Every structure is written in C-alpha cells, then in structure tokens.
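Trainee: Pasting the sequence and the predicted coordinates here, then a few questions.
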Amino acid sequence: MTQTLPTQPPHTPPRRHPASSGERRPAPARHRGLGGLATRIVLLAIVDALAVYGLLALAADRSWWMFGALLVGTVAVNAVYAGKRHVPAKYLAPGIALLLVYQVYVVLYTGVAAFTNYGDGHNSDKPDAVAAILAHSETRVPDSPVRPASVVARGDRVGLLVTQPDRSVRLGWAGHPLEPVEQPVYDAGGRAVAAPGWLALTYSQIAGRQKEISELRVPVTDDPNSGSLRTADGISAAAYRSTLVYDHDADTITDRAGGVVYRPTSDGVFAAPDGTRLSPGWKVFVGLDNFERILTDQDIRGPFLGVLVWTFVFAGVSVALPFGIGLVLATVLNGKRLGGHRIYRSLIVLPYAFPAFLAALVWQGMLNTDYGYVNVSLLDGAHVPWLTDPWLARLSVLAVNVWISFPYMFLICTGALQAIPAEVTEAARIDGAGRRQVLRHIKIPLLLTAVTPMLIAAFAFNFNNFNVIYMLTGGGPKDPDAPIEVGSTDLLISLVYKLAFGGSNRQYGMACAVSILIFVVVAAISVIGLRRSRAFEEQT
Amino acid sequence: MITWFVRVGWRHLVGVLAVLVAVFPLVFVISASLNPSGTLTGSNELFADTTGAHYRELFDDPLHPFGKWFVNSMAVGLATAIGSVFLGACAGYAFSRFRFRGRKAGLTTLLLVQMFPQLLAYVALFLLLSAFDDVFPAIGLGSRLGLVMIYLGGALGVNTYLMKGFFDTVPRDLDEAARIDGASHAQVFFRIVLPLVAPVLAVVALLSFVATLNDFVIASLVLNDPDKQTLAVGLYHFISYGVGRNWGVFAAGVLIAALPVLVLFQFLQRFIVGGLTAGAVKS
Amino acid sequence: MRSRLLLPAVLAATLLATACGGGSGGAGNGDKTAAPAASGQAAATGSLTVWADDARAKPLQEIAAAFTRDKGVKVKVVQKGLGEIRDDFVSQAPTGQGPDVVVGPHDWLGKLVHNGVLAPLELGDRAAAFSPVALEAMRYEGRTYGLPYAVDSIALLRNTELAPQAPASFEELLATGRRLVDEGKAKLPVAVPVDPKSGSPYHLYPLQTSFGCRVFGTKPDGAWDPAGLELDSPGCLRFAPWLRGLGKDGVISTSLTADIATDAFLKGRTPFLLAGPWDAATFKAAHVPFAVDPVPGADTAPARPFVGVQGFFVGAKSANPILAQDFVLNYLSTPQAQRALYDTGGRVPAATAVLDQVENDPVVAGFARAAQAGVPTPNLPAMDGVWADWGLTQLAIVQGRGDPTELTTAMAGRIRAKIAAG
C-alpha cells in the first residue's frame, strides 16, 4: 500500500493541508471482523467489572467523592468506546483520565491548601489537636509505681488486672476504681491474668482492641488526684494525672490546676483569655490571608522582583543555549557519511543518562574555590570563587545547567531531524536546492514547528528547576544581612521552598499560595509564547 | 586533505569537542566508584587508588538489594516509556488529525497543567494513594504499578505536543489516500502514521525512560519497601544525610544504572538512523 | 471497528503494567508472616511499620523478627533517607497511614511535638539503664517522647603517626599542626569541615563554647530556653574575631568540605580532623592510625560539643498504639537489642550496660568521652531557622565579609525576630 503513495510536493508545507474530519465520511464497505467486536466487548466488560468492584468497595467505605468520580468516569468510558461516535475522544480518554486523577487533582489540592494555614503547628484536624494536647498534659503521678498488669474483658467491657508486689490483685475498669479480687488466675511468672467473670485477653485479642485499650483509664481511687491507671504496652500499668480537661459540649479545654479556660480561635488554636496558646493547633481556612501576606509582607515582596528577573534569565538561557548547541550538534553529526557518528551520539548523551542531582554535586566539587579540579588542575592553581561570588555563581549555575540539558536538546533535535520525511528534502535537492538552503528553508522551520512546544515545556521546567540550584549553590551565595534567606542564584521555586520549609516554620499553605502565583506567571507567559509561535498552526 | 576537512573533518572536530565536554565530569564519577575512600570530589587525583570493592558491595548486601532495584527500575521505566509513548501518540494523533470542539483549549490546558510547580505535590499524592490503598491496593502506596500510573498521569502534557508536532509533519495526503482505500482511522493510525514516526516514538520512549529512571521524589514517596524500590530511591540511601555516606558505592551504582540507558540508546539509535524509508518499506 | 485496536491496546498496556507490578501485591501478605510462636499464640491482628534510615534498618529487622516470633505481629521496616523521615512523618502521620515507629535524632522532637504527631513514652524503670544526657535529650517540655539508643558528638581525630600526643588546648593543636606543615609532613594544620553553603555551626560549637558562647540559655530544669538566645553574649563577641583570625590565616577555609577534609585525613595530609563517629569506620577500614579525643578548648571555658541522641519514637496516630509501645518499650530497650544496634552502627551506646561492654574499643571510648563533655543539640522547633542564620554568619566571618562583631550582633537580632514571629 505504501509503495503507491503520492509523493509530497516539497514546497507545500504539509501542515497547511485542510483539516479532514474523516468520521463524517460514509464508511466504505470493509471487512468487519466479529472477533474484533467481541474483543472490544470483552475488554469493555473487564473495565466495567473492575469499575463495579471499585464502586462497591467505595460505597462500603463511604468514600462518596471517589465513588462519584469513578461513576462519572465509568459512564464516560462506556459512552466513548461503546458507540462509533466521539472518535477523537477514543484517542484521548485514557490519557485524560490519568491526567485528571494524578495531575489535575494535585493542582486542585494545592489550590485549596493555599487558602488554609496548613503548616507547622497546624498539621492536622481539630480532634487530632485535642488528642495531642491532652496526651501531652497527662503526666505520671509522682513516685507512683509501674505494676505488672493484664488486660481482661467481661463482654464488651475491658478492665485492668493489676498484680501488687505482695501478689494481691486488684481490678478496675473505666469509671470504676480498683478493688481487690479474690481467687485470681496467675501465669507462670506470678502475674495475675484472669479473675472470676473476667477473661484474659490474648495478645491478638489485645491487638484487635488496641484503640479501646490505649484509651482505657482506670481510676486508682475515688479521689481524682490519685490519678488513673493506664497501660501503654498491655502488660504493665501506671497511674497518670491530666492537668487539662476537654469539655466536648462547650468545646473548651480547662486547666484543672489554675482553672484557666482555653477556647478555640478562628486561626485554629486553643487560646486562653491572656493569649496563651496550646500547641498544636489545627488546619483552618484562612481565606486570602496567604496571598495578602505575599503581596504586603515586605520581607517577601522585597526580594521578589530580583528573584523574578533572575528566574526569567535562568530559564531563558537554560533553554536557548542548550537548544542552540543541541541543534548545531544534531545537524553536524546527522550526516550518514560521517564515520563514527554513532559513537559521538552515544557519548554525547552520557550526561543525560546520569541523574541530574549527581551531576550537580560533582560540579559543585569541581568548582570548589581552593580544592576544585577546575581551579587546581585546569586553571593551574587559580582561586576563582566560582560558586561564592554572586555573578560567577550565576554564570556557573547556568553553565552547569547547559551541560546537563544539551544532550536532551541534542536528542530532541536529532529525533526531529530524522522525522522529517526524506521525500521532502530529496525533492528539494532534485529541484536544485543546496544543502544549506534545504537546512535553512525546509528542515529548520519544520523542526522548529515540531519542537516549539518542547522548548516551552523546557522553559517551564527550568523556571521551576529546583534541583540544580539546590544541589549546586543552595540558592547562594547569600547575603547574611538579607531579611529572609535569599541568595544570588535563588529561583522563585527555591524561594517557595525556603518560605515553606527553610525557616523555623513550615508554612505549607503559604507555599501553595506562592506556587499558584508562580503558576499564573508561567502560564501567562507560555500562552503568549504559544500564540506567537506557530504551534497552533491551524488558522481555520 | 583540506577538502576532507571541509567536508567531513570539521564535523569530527565538533564531535570530539562535544564528547570531551560531555564526558569529562563523569570521569570523576568513575574515579569515585573505584576509589576506596568513598568520597565523591574530595580528591583531584583521579584513579590514584582503585578497588572493585564498591561494585562487589553493591551485589552482596541483602539490605540494599541492588539487583532488585535494577529490575524494578527497568520494569517501571519500560512500562512508563511504553505507556507514555502510547498515550502521547494517541492524543497527539487526535490533536493532529481531528477537528473537535475544545481542541485548542485542550491543547493549551494540557501544556499548562504540566507547568504547575510540583514541588508541593507530595502531600496531595500521598493522600490520593493512601485513599486508593483501601479500594485498589494494586495502585496504592507501595505499589510499583501505582508509581507507573502517576508517571502516566503526566504523560500527556509534553508528549502530546511533541507527537502532534511530528504527526503534523507527516503529509496528510498519506492518510487521505488510505482512507479512500477503505482504511478505518485506527488502521491509518496504527499501520501508516505510527510506523512513519517510529523514530520519534523511539526518542520519546527514551526520554520518558530516562526521566522515570531519574525520578527520586515521587518514587521515594510511593515505594517504601526496599525490595520494591527503584534505583534512584535505593541508591539515595547510600548518601542520605547522617551516618556513613558512601559515595563510592553510590557512584558504582549510578554507573551500572546508566548502562541500560546507553544500551537502549545504542539499540534505538540504529532504529532512529534507519529513518523513515525503512519504516515505510517494512509496512 | 474504529476503536477496535485502541481499547485492546490500552488494556494490553494496563495488563502489561499489572504484570510488571504484579509480584508486589501478594508478597507483603505472605512472606513475612512468621510461624506462630511456640507458646501457641495465634497471629495477632495488626502490623507495625517502622521507618529507619538504612544504617539502622538491619539490626531493627533482627529485633523485629524476635517480636514477630513472640507475638505473631508483622513488623515492616521501611528504609528511608534520614532527611525524609522527619518531614514525611509530619505530613503523613495525620492521615493515619504514617509509620507506627520512627528512628531519628532527638533534635526533631520540637518539630514533631509541635505538630502533634508523637505519643509520649513512659520508660518507667527502664530509664535507669540509660545515661542521663540521653534521657534528658528525649524530653520535651517535661515529657519523655523517645527511647534512646545512641549518643553522637564530634570529637578530635588525631593521626597518631603525625601527632603522637593529644593536644591540651586548641592553641597547642595549632602549633603542632603548623609545625608539621612547615616540616612538609602535612598540608593542613587541622581540617575543620565546612559546608560552603551553610557554614559549620555544629563542628565549631565546642570551640565556640570554650569562649563561653552558648546558643541559648537554659531554663531552671535544664532545658533550652528559646527566649534566651545568647549568640551575642560577651563570649560570642570574643569568639567572632578569633574565628576571623583563623579564616585569615587559612586554618579554617569555607571551601574545605567534609569530602575534602575526610580525604585529607585519610591520606595523612592533616594530623587533626573534627569528625563524628560515622566517619570513623572509613578510617578504620583504610587502616589510618588514629586516636579519638574530646575537642580541646581554645579559651578558658570548657569545650562542649553538641550531642545528638538517637532514639525511637511512637506516632500519635498509630493504628497499633499497644503493639508499637510494646515493641519499643519491651523489645528495643533490652540490652541485647541495644547491643545489636551498636554492633551495626558503631555509635556510642546510650545504654550504660552496653557502653561498659564496648568501652575497650578506643574509638568508642574516645567518642564517649567527647559526648560526656557535650550538651544536647537544642530540640526547639525554631532551630531550623537558627542554624541557617548562624551558619551564614560564620561563613561571612571566616571569609572576612564585614566586621565579625557587627555580623554577630546583626545575626542575633535577626534570629530573635524570627523566634518572636514564630
């Protein structure tokens, strides 16, 4: 079939061809295998079976959000593949499904988190915070002993059976203080394990009721000051007293000692009237607070502009220079007559086969001022401060990133050059065009069309190229006097990292907000770039 | 001699230069892998003292099952590469050949989603995978398949654009003619267009394979059983902060890990250079 | 027909991927379940997940095997990079899917407790088995949160061929080092590893404290007081110009990374190195003749290195609180377990009985003496920010970028502002 293909006239750019929406055309008679149809039905049935299983499991789990998403997804997949319509959707559905689940979800999650105070001290929900506060306030009654204890059960109730040093045994359960037990059952080690009416729990039974048992508090006596027994490991118990009490109905925490009442505040902590706060707090929505802080806090806004400019320079050069080098190398080494071109190619892609962070670390060592290979061996003992002088550090970071990325660009360009149909160039050669003309007027325009989106993606990648900066300079060299820890080679993304994780306070919600602002900037630039490029070739 | 240089020789000069720049820092890695001291850049005397101990250590440490990491990386890498190429090619074809509502917006959205800074994604992905754990443990936490699915979630963005660009360079007359001959759109796609862009598929597959092999952040989030980890995650243990950073073993591991990429490139290179004519004649 | 090829291909890809990952599903369920114990106990429900960096994973697996044998509870030891354990624990614990037990240094405590992810531990009578500094380090705001097992601090490593005598003071150390350099026997008088990005507050702390310069003051109960920053105390203002002097003379260089310092000591190019116990194994393996002593002071006050205490912590939202506490309190605390942890890690044991057993190893004994002089690294949540400012200022002082005294006061001001802002 392919031998009879019409030759493409070289001077007609192929992409200018009118759009063909073939699915409207009446389908010519052709062999429709029953087997194919059967396969399709079987496979769709498998997908549906898996989906039904998932729906049932999700319903049992009461995960209604995921249930809804799966239901919609399943219906959509059936709608797309069962019929003969929606042809483009048949090609797009699997990829889009995965994209929605794994990527769009992340974007949405970040978007929501940007409006919360999620971060250090606000790490979980309110019940967790209350539990942590109470656990922290529970202290062992001074000088009280740790006693061997067994967890015993009577029906649904669990109790603690405590063996005293004199082998006498006492039993108690929640709300019921310890009292002596007659005729206990001892194990070989002399520890009481059961009492009349109370059965010993085996280890696996204890494991099955862990939450209940670890929450069990048995009053030692009727006097609350004597504390309550609790067991941590299921085989011993000690008396504890809690200074703080949570009142569920009033939603307050009271300090038993001083009578101070802590109430929940709008930023997610329990605070006393005098401003004392209990740690930890919990996550709450804080509206636009994070965005407001970014735009008004001088410490963040101040260095922002400088970092923004440098980020653009870094991303721009990191795309343009490696692409230029890659294109030249791809063109030069593309000739079939060049002996050993395969060896060149294999060796040039070597940096690409190594993890970028390792490469950055090696370069960091090689660029060391006093001991690095570049200064000591290549520059004969010079002391060029490659990574510690602000401008040299910027230069070094760019050079290393070019080194890391040029093999990738080389590969892309080689692939793109190879993908240009031979007919196109051969016909041009027949028409009398020289090698250079073919290259300049046919190959490069075609190649640019193909790789422009890659270049834009590479720009976006380098805009957020955290690893190279982090491994090579850590954003430095830094000025110790700067209000926040920002260095000469910091990109916006490493600024995010430092705001979020670098200081004394992990502010995840805040970092999400900055991420979103960065995204808006990158997206706007990319859309403009795409519009100006010819990536959207179809004008109709 | 001069004509030889003008025609071919200068190309060799460029090639040798490029190779020197590319390879020279990696000599450090090779030297570190053979150096008994276990430092990466502590010394400028390359190959002063060599030992194969680090390589041996890689293969007889049950706590660091390098062999398993290698197999895992290959499996995850290949599955991701094949999956990405397939998903990207399908989507690229749809965007190149069909006209439908939301096409342009869809293309832009695909690219934009890809640009979202993913530095903070780990929390969201962890929540998602732990939710899957209860229902579909096969793609939940700790599952290599789950990791592949995450990678495939990102397959569409960049690959679609790349593939669409290449499909656009394939003359549309080809499929027009085939359609007139009675081929379905799927037949045109699989039998005519895909073989024509086979070199591109090879490149995209290689790119995706390498990216997968080098990913550390997501892989370390998903895979926490040493027997299931990939090379990047496993090897990182040798140099994680704290005790006994062993750059020597790490460098040896990285060098071995890079071998499949090189072999694959050799293999695919033949395919790439074979070019379009070979692909077309075969079908 | 149209999609005849497409859907199968999608599924084929999925199935292929399933096949690749297929081995994973079942493996976790079966292979690690130990046979029921001889006592006839049935396999308990629930299983434990322990996060450890790889240096600790192996002995933990052995101790865990004993736990599994006795109690029928599976224990999964997950290897993670030490740097990830803390941050992943903080972010994953609230989901209930986090680990039950983690291993790490005590200076994480502030951050972990501040985020409510740790359960208090009651060591009870077991506490008597551990050194006081180890127990003190495991406390935060008056509660104990961890079971200690090792005590780390830096010490002075001395090449006994180059310098047979331990120097009594840093001055004497410098004199010896300089003499060896002049005689051509060494290249560096002393190697103090510095990170060119973040400085070296940890390695320089013993020298700094010998000037009477502490990072924080202490509360009456001995805990660090975050409100009492002392980095601009009179002692610190004397230390800063002295440090600048070392920088000017090239004794301390901001380009001498840990890698280069280690290599220099390994090759006998420097008689002295400030290093931790984790580096000692390299030198032992390479048969470098060396001895370990506490870092000598440079001024009149005692030189106190930071002590990092390694320990085990239980997650607050562990689904298996009883099992986790049982494992930590009753299995990891035993002398045998503590010994096993020592045997693979080589860190100075926190359990006094184990320390007594191994004290005839001169390296361990040396590091143990160094740690005895030390103070626990502050475990305040604010420390991340303190380290950053502190290290950057040291870099600036060593490189002579500004007046040492002014740099020091400015740094203290910034750190105070950060701590006040929370």
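Mentor: Structure's in. What do you need?
Trainee: What residue spans form the domains of the chain?
Mentor: No chain specified, so I'll use chain A. As recorded under automatic domain parsing, the domains making up chain A are A:37-113, A:140-242, A:292-532.
Trainee: actually it's chain C I care about, not the one you picked
Mentor: Split into domains by automatic domain parsing, chain C comes to C:45-152+C:308-375, C:153-307+C:379-421.
Trainee: got those as TSV, with mean pLDDT, mean neighbour count and distance to chain B columns?
Mentor: Glycine gets a C-beta too; all of them are placed from N, C-alpha and C. Compiled in TSV, the domains of chain C are given as follows (pLDDT from 0 to 100; neighbours: other C-beta atoms under 10 Å in any protein chain shown; distance: least, C-beta to the nearest C-beta, whole Å):
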stretch	mean pLDDT	mean neighbour count	distance to chain B
domain C:45-152+C:308-375	89	22	3
domain C:153-307+C:379-421	92	20	3
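Trainee: can I get the ones you listed in JSON lines with distance to B:L119?
Mentor: JSON lines is the format used below for those (distance: least, C-beta to C-beta, whole Å):
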{"stretch": "domain C:45-152+C:308-375", "distance to B:L119": "13"}
{"stretch": "domain C:153-307+C:379-421", "distance to B:L119": "17"}
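Trainee: Any idea which residue of the stretch 51-200 of chain B lies closest to chain C?
Mentor: Ranked by C-beta to the nearest C-beta, the top residue of the stretch 51-200 of chain B for proximity to chain C is B:L145, at 3.2 Å.
Trainee: number of nearby residues for that residue?
Mentor: When neighbours are counted by other C-beta atoms under 10 Å in any protein chain shown, B:L145 registers 24.
Trainee: isn't it right next to B:F136, touching?
Mentor: No: look at B:L145 against B:F136 with C-beta atoms under 8 Å: they stay out of range, at 9.6 Å.
Trainee: Tell me where the stretch 51-200 of chain A has strands.
Mentor: A:138-140, A:147-154, A:157-163, A:169-173, A:176-180, A:185-186, A:192-194, A:199-200 (DSSP state E, counting those that start in this stretch).
Trainee: mind pulling up the phi and psi values for the residue of the stretch 51-200 of chain B closest to chain C?
Mentor: Dihedral pair for B:L145: phi -60, psi -40, per degrees, to the nearest 10.
Trainee: so how far is A:L56 from it?
Mentor: Distance, B:L145 to A:L56, by C-beta to C-beta, to the nearest Å: 21 Å.
Trainee: now A:A192
Mentor: Between A:A192 and A:L56 the computed distance is 47 Å (C-beta to C-beta).
Trainee: is chain B contacted by stretch A:100-111?
Mentor: Yes: contact of stretch A:100-111 with chain B (C-beta under 8 Å from any C-beta of the partner chain) involves A:V101, A:Y102, A:Q103, A:V104, A:Y105, A:V106, A:V107, A:Y109, A:T110.
Trainee: ok now that stretch, how far from the chain's centre?
Mentor: Here the centre of stretch A:100-111 is set off from its chain's centre by 10 Å, with C-alpha atoms, centre = their mean, to the nearest Å.
Trainee: go on, stretch C:260-277?
Mentor: How far stretch C:260-277 lies from its chain's middle: 20 Å, per C-alpha atoms, centre = their mean.
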